[in-house]
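Q: Need coordinates for the following:
(one chain, ligands or ions: 1)
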Amino acid sequence: MRYLSTRGHAGRMRFCEILLEGLAPDGGLYLPEHYPQVDGATLTKWRGLSYAELAFEVLSLYIDDIPPADLKAICAKTYTEQVFGTPEIVPLRPLEEGLYLEALSNGPTLAFKDMAMQLLGNLFEYELGRRFESLNILGATSGDTGSAAEYAMRGKKGVRVFMTSPNGRMSPFQQAQMFSLQDENIHNLAVEGVFDDCQDIVKAVSNDLEFKRQYKIGTVNSINWARLLAQVVYYFAGYFEATSNNAQKVSFAVPSGNFGNVCAGHVARSMGLPIDKLVVATNENDVLDEFFRTGVYRVRGSTDTFETSSPSMDISKASNFERFVFDLLGRDGNKIKALFHDQLASQGSFDLSRDPAFKLAAQRYCFVSGKSIHADRLATIRNVWERFGILIDTHTADGVKVAREHRQPGVPMIVLETALPIKFAETIEEALGMTPPRPSRFDGIEALPRRVKVLPADVAAIKRYIAENVH
Ligand SMILES: *Cc1c(COP(=O)(O)O)cnc(C)c1O
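A: This is a model prediction of the structure:
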């Protein structure tokens, strides 16, 4: 399997070459040259597999530069009951007839990002060990991504994490989750500023190619292909749990921000998994819903990017969206470059409403979308609690709300549960007047000693800190 860039660069790369990289050299995103097809006989064979075995089968179709026995061992050590809480790893729970929740949030940080990040940690350690190299991951987080990355990389050989976050602006639970880590290879940098300052610093450091090379700076952001690939697996797992034979179809509803999660659904469907609809659920930041309704993709400025009660979906642009548009427009790298490089930079938007390909988004790729706002979230959290005794988080509530608008008779609808309610306790209290339960391993984490360095929002200060802590 070779990988290509969405912007037409001629290079063709292998999996382990792109594993440790971010963007392609032309600024595009990596995708496989083709999607391997999974036929009915293979689906039948895969039905009986454990999650780790299923992950190995799916990953094997895309990774041919890690010996199978090694890849199998990596999957087996990643997807364990000990790390994810159940032997099924991603069990389904029924709500009303034909509507299910797929639990993706029982990993170490209680959000679905663990599903991919835990694998990434093991892949990084393996590949760096094989090359006798090390990597210093620099990131910016306002919550879920940073903690998932730290819990995946803690104690891993060859990897250090430098995670910037806006000082005092994450929820107390999230701060405690990250700052209580005592591992020597994890560095929490609380920046005196807002999330955008953190992101700007990361960008500035990464653009200093000299520094980047000298200090082996890398990232783990959501455009990493390996993360997306890891997410493909749970679409297969959810399908097998909801059906008894391959003639059946299911739909998935996905609380979306950067379009990474639902893009994995698009990949699974492109491989032949019988998915009927892919339902994109957004919050007030409805960049994606607007596109699927109108054909206009309009990046938001900071003044019209809203802070909501489903904060992990508060995006101004959807960084993985380019991958889907590449497929939608017949994999024409020049067109993608014109849209995402030229037109977005000059106009901040592009309009495909008059392009004949736009109707394929619904017809061939079966995307539909919807939007959920704070009042919907509260109502959905209450409704699901009162009817089923199940507590859902704010992001999952957006998914349930939009899923219900797209139900079709006879087609099971699976909502991906992207976080546990304890991470967003304030809104649960607003909806239900009660505090969500906390898994016992997090009891008292707010009182644990903290390992965090407060630094000014200054590129030079961050660089100095990295230089002093890389040896
Ligand atoms: C990251 C995240 C999302 C959005 O996922 P994308 O892959 O960016 O679309 C939704 N919900 C939660 C809880 C998240 O952490």
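
Q: mind listing what the residue nearest to residue 267 when sequence neighbours are not counted touches?
A: Using C-beta to C-beta, 6 or more residues apart in numbering and skipping residues adjacent in sequence, the residue nearest residue 267 is residue 232, 5.1 Å away. In short, each C-beta sits where N, CA and C put it, glycine included. Residues near residue 232 by C-beta atoms under 8 Å, 6 or more residues apart in numbering: 58, 264, 267, 268, 271.

Q: 10 Å - rerun?
A: 35, 55, 58-59, 61-62, 116, 263-271, 273 (C-beta atoms under 10 Å, 6 or more residues apart in numbering).

Q: do residue 426 as well
A: 171, 172, 173, 309, 394, 435.

Q: re the thing from before, after the host helix or strand of the residue nearest to residue 267, which helix or strand is next?
A: Residue 232 belongs to helix 225-242 when assigned by DSSP states H and E. Using DSSP H and E, the next helix or strand after helix 225-242 towards the C-terminus is strand 250-255.

Q: Return the set of buried residues in whichever helix or strand comes after that following strand.
A: Sequence-wise, the next helix or strand downstream of strand 250-255 (DSSP H and E) is helix 260-270. Of the residues in helix 260-270, those with enough neighbours to count as buried (16 or more other C-beta atoms under 10 Å) are 260, 261, 262, 263, 264, 265, 266, 267, 268, 269, 270.

Q: From these, pick the one nearest residue 77.
A: Nearest to residue 77 among the buried residues of helix 260-270: residue 264, at 21.6 Å, using C-beta to C-beta.

Q: right, and that closest one touches residue 227 too?
A: Yes - Residue 264 lies in contact with residue 227 (C-beta atoms under 10 Å); the separation is 8.7 Å.

Q: Which neighbours do these two have in common?
A: Going by C-beta under 10 Å, 6+ apart, residues that sit against residue 264 and also against residue 227 are 115, 116, 320.

Q: Can I get those residues in a markdown table including pLDDT?
A: Output for those, formatted as a markdown table (pLDDT from 0 to 100):
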| residue | pLDDT |
| --- | --- |
| 115 | 98 |
| 116 | 97 |
| 320 | 94 |
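
Q: and of the residues you listed, the nearest to residue 425?
A: Nearest member of the shared contacts of residue 264 and residue 227 to residue 425, counting by C-beta to C-beta, is residue 115, at 22.4 Å.

Q: who in the stretch 1-150 of the chain is up against the ligand?
A: Contact residues (C-beta under 6 Å from any ligand atom) of the stretch 1-150 of the chain with the ligand: 111, 113, 144.

Q: can you give me the strands for the stretch 251-400 of the chain?
A: In the stretch 251-400 of the chain, the strands defined using DSSP state E, counting those that start in this stretch lie at 275-282, 296-298, 349-351, 367-371.

Q: so what secondary structure elements neighbour the longest one?
A: Strand 275-282 makes packing contacts with helix 225-242, strand 250-255, helix 260-270, helix 287-294, strand 367-371, helix 394-405, strand 413-417 when contacts are defined by 3 or more C-beta pairs under 10 Å, 6 or more residues apart in numbering; DSSP states H and E.

Q: re the thing from before, average pLDDT for the helix holding residue 232?
A: For helix 225-242, mean pLDDT is 97.

Q: same deal with stretch 364-373?
A: pLDDT averaged over stretch 364-373 gives 98.

Q: what's the spacing between stretch 459-471 and its chain's center?
A: Its chain's C-alpha centre and that of stretch 459-471 lie 28 Å apart, by C-alpha atoms, centre = their mean, to the nearest Å.

Q: separation between residue 130 and residue 56?
A: For residue 130, the distance to residue 56 (C-beta to C-beta, to the nearest Å) stands at 18 Å.

Q: re the thing from before, for the helices and strands packed on strand 275-282, give me a markdown table that also has distance to residue 45.
A: Below are the helices and strands packed on strand 275-282 laid out as a markdown table (distance: least, C-beta to C-beta, whole Å):
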| stretch | distance to residue 45 |
| --- | --- |
| helix 225-242 | 11 |
| strand 250-255 | 19 |
| helix 260-270 | 16 |
| helix 287-294 | 34 |
| strand 367-371 | 29 |
| helix 394-405 | 30 |
| strand 413-417 | 22 |
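
Q: Nearest to residue 94, out of those?
A: Using C-beta to C-beta, the helices and strands packed on strand 275-282 put helix 225-242 closest to residue 94, at 9.5 Å.

Q: so who does the closest residue to residue 339 other than its chain neighbours touch?
A: Spatial nearest neighbour of residue 339, chain neighbours left out: residue 350 (4.8 Å); criterion: C-beta to C-beta, 6+ apart. The contact partners of residue 350, by C-beta under 10 Å, 6+ apart, come to 291, 295-299, 325, 338-340, 342-344.

Q: Where do the helices of the stretch 351-471 of the chain begin and end?
A: 358-363, 374-388, 394-405, 425-432, 459-469 (DSSP state H, counting those that start in this stretch).

Q: For residue 440, which of those is the nearest?
A: Among the helices of the stretch 351-471 of the chain, helix 425-432 sits nearest to residue 440 (C-beta to C-beta), with 15.9 Å.

Q: buried ones in that closest one?
A: Going by neighbour count (16+ other C-beta under 10 Å), the buried part of helix 425-432 is 425, 427, 428, 431, 432.

Q: which bits of the stretch 251-400 of the chain sit near the ligand?
A: Residues of the stretch 251-400 of the chain lying close to the ligand (C-beta under 6 Å from any ligand atom) are 255, 256, 257, 258, 259, 260, 261, 312, 313, 395.

Q: The second one against residue 319, yeah?
A: No - using C-beta under 10 Å, residue 256 is not in contact with residue 319, being 11.7 Å away.

Q: what about these two, which has more around it?
A: The residue with more neighbours, out of residue 256 and residue 319, is residue 256; 33 against 16, by other C-beta atoms under 10 Å.

Q: about what we covered before: ok, and the most crowded of the contacts of residue 350?
A: For the contacts of residue 350, the largest number of neighbours (other C-beta under 10 Å) sits with residue 291, at 28 neighbours.

Q: Model confidence score at it, please.
A: 98.

Q: returning to that earlier point: would you mind finding the most buried of the strands of the stretch 251-400 of the chain?
A: Comparing the strands of the stretch 251-400 of the chain by mean neighbour count (mean count of other C-beta atoms under 10 Å), strand 275-282 ranks first with a mean of 26.

Q: what are the pairing partners of that one, and which direction each?
A: strand 250-255 (parallel), strand 367-371 (parallel) (DSSP bridges).

Q: Retrieve the pLDDT associated with the nearest residue in space to residue 321 that is not next to it in sequence.
A: Of all residues not flanking residue 321 in the chain, residue 259 sits nearest, at 4.5 Å (C-beta to C-beta, 6+ apart). With respect to pLDDT, residue 259 has a value of 96.

Q: what distance separates the start and the end of stretch 209-220?
A: 18 Å (C-alpha to C-alpha, to the nearest Å).

Q: now stretch 314-334
A: Termini of stretch 314-334 sit 30 Å apart (C-alpha to C-alpha).

Q: and that stretch, which residues are buried?
A: Quick answer for stretch 314-334 (16+ other C-beta under 10 Å): 314-315, 317-329, 332-333.

Q: No further queries at this time; thank you.
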